[in-house]
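> pasting the structure only:
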C-alpha cells in the first residue's frame, strides 16, 4: 500500500438480485485533505454487517448507498491528521469511513474509542453487535430467567452473543442456523440448549420440537419464513425483538411471507403490540369514568345500529362483515 | 315467542369461505333448567362483533365455535331464575349466552351490570367496544395531542369511538372506511378530520395525501392490505394498536400480504417492537459494564471472524450474506 494513495471500493450499480462481485470496483485516488473541523483517519477495521446489503436497497435508518460511490461501512480507524479540537494523531475512533484506506470525516461524525486490546472487540462485543444483542434481548425482549429464547442467525455476530447472554440470564436458548456444523457448534461451543438447522427443511416441525414450552422471546435477525414460523410458536405475552431482516436484503423480496414485516418495524422503531381487551378489565373503572364523563358532556357521540329479532342475527352478522353497519351493531332479541 | 320454549341459532357447519345464511339453522328446545350455582337468563341484547366470525375459524382467545352448537356471542341479559348467591331475578348481566332466547350459565361466567338507560350502552360505549377503543388508543397507541391517528373500520363499533376519543385528546384523526357515504359521515357527523374510502382504489395514494405528517398511531381493526398501507406510512416510533383482523376472518386468508400479522399478534398479545441500536447509545455505559464483566469472568465468549485485506471486503460480505461466517466478521485492512 502506498502511503500517499487511497484505495477505495466503489459500488458500481444497485444490485437488483443477489449481490455479485462485479458490482464492485477498486479505484485509487489521492489522499484526501481534511479541512477545518475535519479529520483524516486511516481505516483499521471495517465492520461487515448484513445491514450493508440493506443500505443498497434504499433508505433505511440512513440514506441509501448510491451507485458509483465509495461503499459505506463502519470501521475502527486511527487519526492521522486532525483539524478539529479533541482529536489528535493516534487516537482510535469509530465512524462510517466507508470501504477505503483513508477517509476524511467531520469530527462530529467520529466517536473516540478507548485503545483496548484487541481493538477488534470495539466492533464486536463492545460494538454494534454487542449492544444490539444486549438491548435487544434484555430491553426489547425483556428476557427473564426460566423463559425460552429463540434467536435466528444464531451463529452470526449478534446471534452468537444473544445466546450466551440469555444463558447468563438463566434462559433456555435455542438457535436457528444453517447447516449441521453450525448447529453443532452452537450447542457444543456456545452453550445453546438446542439448535435447529433451517436448511434441513421442516423448520416449523423441528423448531416446535425444540421449544416444548413455546417461545417467550424471539430475537429476529432474518424476517421472512423463519419469522413466520416463530410467530406461530410464540407464547402469549411473548416478545419479538425485531433486529433485522437479512432474508429480505439480498435478492428480490419474496411475494409471500410477512411483507413489510418486520423490515419496516425495525426501521421505524415501531411498537406493534397485540392486545385483547379482557386483559384490561381490572383497569376498566378508570376507562368507564372517562367515557361516562365524555358522554355526559356531549363530547362523545354514541353510535348504535340496532337490529330487531333474534331470527335476523345471522343476516345481521353477515351484513356487518360486508360493512353495512355504522357504529355498534346490536340485535334486539 | 313462547314463554316455555327456547329458540336457538345453530352454526351448522364451519364456513370455509364467505359466511352464508344456510350455514345457520334455527331450532326450538325446552327451556333449560339451572342447577346449583347456575343462573337462567333471558337474553336481551346480543353483541355482534367481527370476532364472531373469527371464532368459527378456530381457537383465538377462546375456543372455536364448533358446528352444530349454539352460536356463541356476548349479550346483555336479565336474570330469570338464580340458583347462586349474589344474583336475583331482574338483575342485568353480561355474558356469553350465545344466540338464543334463554341460557343457563354458571354464575361465575356472568358479570352483573348496572341497569342504566339505554341498556344497549352496556354493549357499546360502556362495553367491549368502548373499552377496546379507549385502551387501544390511549394505552396501546399512547396517542398524544397533536399526533395523527388513523383508524380502519372507522365507521364500525370500535372505530366510531376511536375517532372521537382521539379528537378529545387533541389528535388529528383520519378514518378508513368503505364507500363515500360512510366517509362523508365520518367527517360531517363524527368529527373526523379526513376519511379515506378504501373501496375507491389507490388506497396508499389517497391515504398518504390524507396524512401529510405521517401516521403516529394506527388503530388496526382489519389487517391485510390496509395494515400494509398504513405500515408504510408510519412515522418513526409510531405505535400500531392491533385490535383485529377482520379482513382475514371471512373467506380464505390471502396468499400474499402480511400473513400471520397481525392476527397472531392480537391473539397472543405480542409486543413486536422494532429498534435501531443507535437509539440506545445514551444507555451504553450500563451495557458495556455488564459486557466487560461477563467477558472478564469468562462467562461470555467472543466470536470473531477476521478477514485480511481490504480487497477481500466484497467477497467477505457476499460470504456473510451466504452465511459462511461465525460470529462477528471483520475485515482487517
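Arrived safely. Here the structure is a predicted model, which is why all the values come from computation and not from measurement.

> quick one: the helices in the stretch 151-300 of chain A?
A:159-168, A:180-188, A:203-210, A:224-233, A:263-267, A:284-296 (DSSP state H, counting those that start in this stretch).

> return the most buried member of those.
helix A:159-168 (a mean of 26; mean count of other C-beta atoms under 10 Å in any protein chain shown). In this view, the C-beta of every residue, glycine as well, is placed from N, C-alpha and C.

> who does residue A:42 bridge with?
residue A:78, residue A:102 (DSSP bridges).

> sorry, back to before: as a markdown table, the helices of the stretch 151-300 of chain A with mean pLDDT would be great.
Formatted as a markdown table, the helices of the stretch 151-300 of chain A follow (pLDDT from 0 to 100):
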| stretch | mean pLDDT |
| --- | --- |
| helix A:159-168 | 92 |
| helix A:180-188 | 94 |
| helix A:203-210 | 97 |
| helix A:224-233 | 85 |
| helix A:263-267 | 59 |
| helix A:284-296 | 80 |
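
> now distance to chain B too, for these, in JSON lines please.
As requested, the helices of the stretch 151-300 of chain A are exported to JSON lines (distance: least, C-beta to the nearest C-beta, whole Å):
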{"stretch": "helix A:159-168", "distance to chain B": "5"}
{"stretch": "helix A:180-188", "distance to chain B": "7"}
{"stretch": "helix A:203-210", "distance to chain B": "12"}
{"stretch": "helix A:224-233", "distance to chain B": "5"}
{"stretch": "helix A:263-267", "distance to chain B": "4"}
{"stretch": "helix A:284-296", "distance to chain B": "5"}
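
> what's the closest of those helices to residue A:67?
helix A:263-267 (21.3 Å; C-beta to C-beta).

> now the residue most central in space within chain A: how far from chain B?
When C-alpha atoms, centre = their mean is applied to chain A, the residue found nearest the centroid is residue A:243 (1.7 Å). Residue A:243 is 7 Å from chain B, where distance means C-beta to the nearest C-beta, to the nearest Å.

> confirm for me that that residue is in contact with residue A:223.
No - with contact defined as C-beta atoms under 8 Å, residue A:243 does not count as touching residue A:223 (9.6 Å).

> can you list the strands that the helix or strand hosting residue A:26 pairs with?
Residue A:26 belongs to strand A:24-30 when assigned by DSSP states H and E. Applying DSSP bridges, strand A:24-30 is found paired with strand A:5-11 (antiparallel).

> so who does residue A:212 touch?
Counting by C-beta atoms under 8 Å, 6 or more residues apart in numbering or on different chains, residue A:212 makes contact with nothing.

> same thing with residue A:48?
So residue A:48 contacts A:73, B:313, B:316-317, B:320, B:329-331 (C-beta under 8 Å, 6+ apart).

> one more pass at 7 Å, please.
For residue A:48, the contacting residues are B:316-317, B:320, B:329-331, by C-beta atoms under 7 Å, 6 or more residues apart in numbering or on different chains.

> just the buried members of those?
B:316-317, B:320, B:329-331 (16 or more other C-beta atoms under 10 Å in any protein chain shown).

> and the strands in the stretch 1-150 of chain A?
Using DSSP state E, counting those that start in this stretch, the strands of the stretch 1-150 of chain A run over A:5-11, A:24-30, A:38-47, A:69-70, A:75-82, A:92-95, A:102-106, A:111-113, A:148-152.

> elements contacting the shortest one?
If I follow you right, that is strand A:69-70. strand A:5-11 (3 or more C-beta pairs under 7 Å, 6 or more residues apart in numbering or on different chains; DSSP states H and E).

> which residues touch the strand it packs on?
A:23-32, A:56, A:65, A:67-71, A:99-102, B:310, B:313-314.

> so what's the residue of the stretch 1-150 of chain A found nearest chain B up against?
Distances between the stretch 1-150 of chain A and chain B by C-beta to the nearest C-beta are smallest at residue A:124, namely 3.8 Å. Residue A:124 sits next to A:130, A:157, B:302, B:304, B:328 when contact means C-beta under 7 Å, 6+ apart.

> pick the one among these closest to residue B:205.
Distances from residue B:205 to those, taken by C-beta to C-beta, are shortest for residue A:157, at 39.6 Å.

> distance-wise, check that closest one relative to residue A:94.
The gap separating residue A:157 from residue A:94 is 15 Å, by C-beta to C-beta, to the nearest Å.

> cool, residue A:298 as well?
58 Å.

> check the contacts of residue A:48 and tell me the two furthest apart.
Largest pairwise distance in the contacts of residue A:48, by C-beta to C-beta, is 11.6 Å, between B:317 and B:330.

> which one's more surrounded, residue A:298 and residue A:94?
residue A:94 (21 against 7; other C-beta atoms under 10 Å in any protein chain shown).

> hang on, that one packs against residue A:122?
Yes - counting by C-beta atoms under 7 Å, residue A:94 touches residue A:122, with 6.4 Å between them.

> which residues are in contact with both of the two?
A:76, A:113.

> show me what contacts residue A:87?
So residue A:87 contacts A:39, A:79, A:107 (C-beta under 7 Å, 6+ apart).

> swap the cut-off to 8 Å and go again
A:39, A:79, A:93, A:107, A:110, A:112.

> I'd like those residues as TSV, with pLDDT, distance to residue B:216 and neighbour count appended.
Output for the contacts of residue A:87, formatted as TSV (pLDDT from 0 to 100; distance: C-beta to C-beta, whole Å; neighbours: other C-beta atoms under 10 Å in any protein chain shown):
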residue	pLDDT	distance to residue B:216	neighbour count
A:39	98	38	27
A:79	98	42	21
A:93	96	36	22
A:107	97	35	20
A:110	95	33	24
A:112	92	36	15
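
> between the contacts of residue A:124, which is nearest residue A:117?
For the contacts of residue A:124, the nearest to residue A:117 is residue B:302 (12.4 Å; C-beta to C-beta).

> which among the contacts of residue A:87 gets closest to residue B:233?
Using C-beta to C-beta, the contacts of residue A:87 come closest to residue B:233 at residue A:110, 34.7 Å.

> chain center to stretch A:11-23: distance?
23 Å (C-alpha atoms, centre = their mean, to the nearest Å).

> can you give me the end-to-end span of it?
6 Å (C-alpha to C-alpha, to the nearest Å).

> likewise for stretch A:92-100?
End-to-end distance (C-alpha to C-alpha), stretch A:92-100: 17 Å.

> close to chain B, is it?
Yes - counting by C-beta under 8 Å from any C-beta of the partner chain, chain B is contacted by stretch A:92-100 at A:99-100.

> gap between that stretch and the chain center?
22 Å.

> for it, buried residues please.
Those would be A:92-95, A:97-100, for stretch A:92-100 by 16+ other C-beta under 10 Å.

> of those, which pair is most distant in space?
A:92 and A:99 (18.8 Å).

> quick one, what contacts residue A:305?
Applying C-beta under 8 Å, 6+ apart, the residues near residue A:305 are A:325-330.
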